[in-house]
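Colleague: build me a model from this:
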Amino acid sequence: MLGAKVIARSKLNLFLDVGPLRADGYHQMRSVMQALELADELYLRRTDGSGGKIRIRCSDRGLPVDRENIVWRAVEVFDEQTGELSGGGIEIFINKRIPVGAGLAGGSADAAATLVALSYIYELELETDALLSMASLVGSDVPFCVRGGTAMVSGRGEKVEALEPLPPYHVVLATTGVESHTAQVYRRFDSLDPGVLPDPEGVSERLDRLMEGIKSQELEVICANLHNSLEAAAFEPDKVIKYKDLAREAGAAGVLMTGSGPTVFALAESLESAINIARVLEEFAPITLVTSFSDKGAEVTI
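Modeller: Purely as a prediction, here's the structure:
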């Protein structure tokens, strides 16, 4: 294949329990992740390499298009594992739609989509497990973004267990528009007094109830057991609290900050409810979007 278009779906965390710092510098974690229909589009094509082995362009001129972009690392890992780029190159255009630095795994989604597209372009037909193995070498959220749907993610993010896909519930996303740096949020989390954090046993019980809600597909049970350890370390916590309160008052079934923030998501029982919630939030949040759950991950479309 000479090229491909691939969809890079974002994610949110229905549950995120951050454990102690490990010897390798990562935190042990347990998370229930959910893919969203909100996605970037990537266009990839093979080249003769004369303009460079890896060339990246992006619709958002504020994003790096060199080694600082995680997509570059995804190409390097693919080439290291397969050797397919020997003597040639790859050109990638990223049409950015996922807000940057918003806790929605936009970069990880792009990296996952890149791996899936490269497997397709070079006609390798790699099994999911092989792609997940490559993805774990690229970044913590990348394995989930390859698989998508609904999943339990553990370790540092490399262990992904598919769960029963949830219905396409409607979601309203509200973010401050200020990019959040994950590493800084984790450093803030590490500096917190343990006394301000929830009881670990209570967190585990909440996870058990959430898993039951997912199994039975009961939105009320799911919303009652949302959890994110990193909310306690969020940047602009006043805005996170405000967005959550506004969404609840507007009728949201459940609200939570996703990932390292600063995006707050609100789950709605209907599209009409989601639109009403979005109308309220858009008066305060610079970026407000309506989307829905997806049962897919990175996906080649042409």
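Colleague: residues contacting the residue of the chain most remote from its centre?
Modeller: Residue farthest from the centre of the chain, counting by Cα atoms, centre = their mean, is Ser50 at 33.9 Å. For Ser50, the contacting residues are Gly89, by Cβ atoms under 8 Å, 6 or more residues apart in numbering. No exception for glycine: its C-beta is placed from N, CA and C like everyone else's.
Colleague: what do you get for Ala162?
Modeller: Ala162 sits in contact with 147, 149-151, where contact means Cβ under 8 Å, 6+ apart.
Colleague: next: His170.
Modeller: With Cβ under 8 Å, 6+ apart, His170 has these contacts: 267-271, 273-274, 290-292.
Colleague: need the strands for this structure, in chain order.
Modeller: For the chain, strands defined by DSSP state E occupy the ranges 3-21, 27-47, 54-58, 89-95, 150-155, 159-162, 170-175, 227-228, 254-257, 264-268, 287-292, 299-300.
Colleague: out of these, which gets nearest to Pro200?
Modeller: Nearest to Pro200 among those is strand 3-21; the distance by Cβ to Cβ comes to 8.2 Å.
Colleague: pull out the buried residues from the closest one.
Modeller: Using 16 or more other Cβ atoms under 10 Å as the test for burial, strand 3-21 gives 3-18.
Colleague: give me the distance between stretch 99-119 and the centre of its chain.
Modeller: Relative to the chain's own centre, stretch 99-119 is displaced by 8 Å; criterion: Cα atoms, centre = their mean, to the nearest Å.
Colleague: just the CA coordinates for that stretch, please, in PDB.
Modeller: Output in PDB follows, covering the C-alpha atoms of stretch 99-119 (Å, rounded to 0.1, in the frame of the first residue of the first chain):
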ATOM      1  CA  PRO A  99      -7.700  19.400  22.300                       C
ATOM      2  CA  VAL A 100      -4.000  19.400  23.100                       C
ATOM      3  CA  GLY A 101      -2.800  18.700  26.700                       C
ATOM      4  CA  ALA A 102      -6.400  18.100  27.900                       C
ATOM      5  CA  GLY A 103      -6.200  14.600  29.400                       C
ATOM      6  CA  LEU A 104      -7.800  13.100  26.400                       C
ATOM      7  CA  ALA A 105      -4.700  11.200  25.100                       C
ATOM      8  CA  GLY A 106      -4.600  13.100  21.800                       C
ATOM      9  CA  GLY A 107      -0.800  12.400  21.300                       C
ATOM     10  CA  SER A 108      -1.100   8.800  22.400                       C
ATOM     11  CA  ALA A 109      -4.100   8.400  20.000                       C
ATOM     12  CA  ASP A 110      -2.000   9.700  17.100                       C
ATOM     13  CA  ALA A 111       0.800   7.400  18.000                       C
ATOM     14  CA  ALA A 112      -1.500   4.400  18.200                       C
ATOM     15  CA  ALA A 113      -3.100   5.300  14.900                       C
ATOM     16  CA  THR A 114       0.400   5.600  13.300                       C
ATOM     17  CA  LEU A 115       1.300   2.000  14.300                       C
ATOM     18  CA  VAL A 116      -2.000   0.700  13.000                       C
ATOM     19  CA  ALA A 117      -1.600   2.600   9.700                       C
ATOM     20  CA  LEU A 118       2.000   1.500   9.200                       C
ATOM     21  CA  SER A 119       1.000  -2.200   9.700                       C
END
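Colleague: in that stretch, which residues are buried?
Modeller: Of the residues in stretch 99-119, those buried (16+ other Cβ under 10 Å) are 99, 101-119.
Colleague: adding mean pLDDT, write the strands of the chain out as CSV.
Modeller: Below are the strands of the chain laid out as CSV (pLDDT from 0 to 100):
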stretch, mean pLDDT
strand 3-21, 94
strand 27-47, 96
strand 54-58, 97
strand 89-95, 98
strand 150-155, 95
strand 159-162, 94
strand 170-175, 97
strand 227-228, 96
strand 254-257, 97
strand 264-268, 98
strand 287-292, 97
strand 299-300, 97
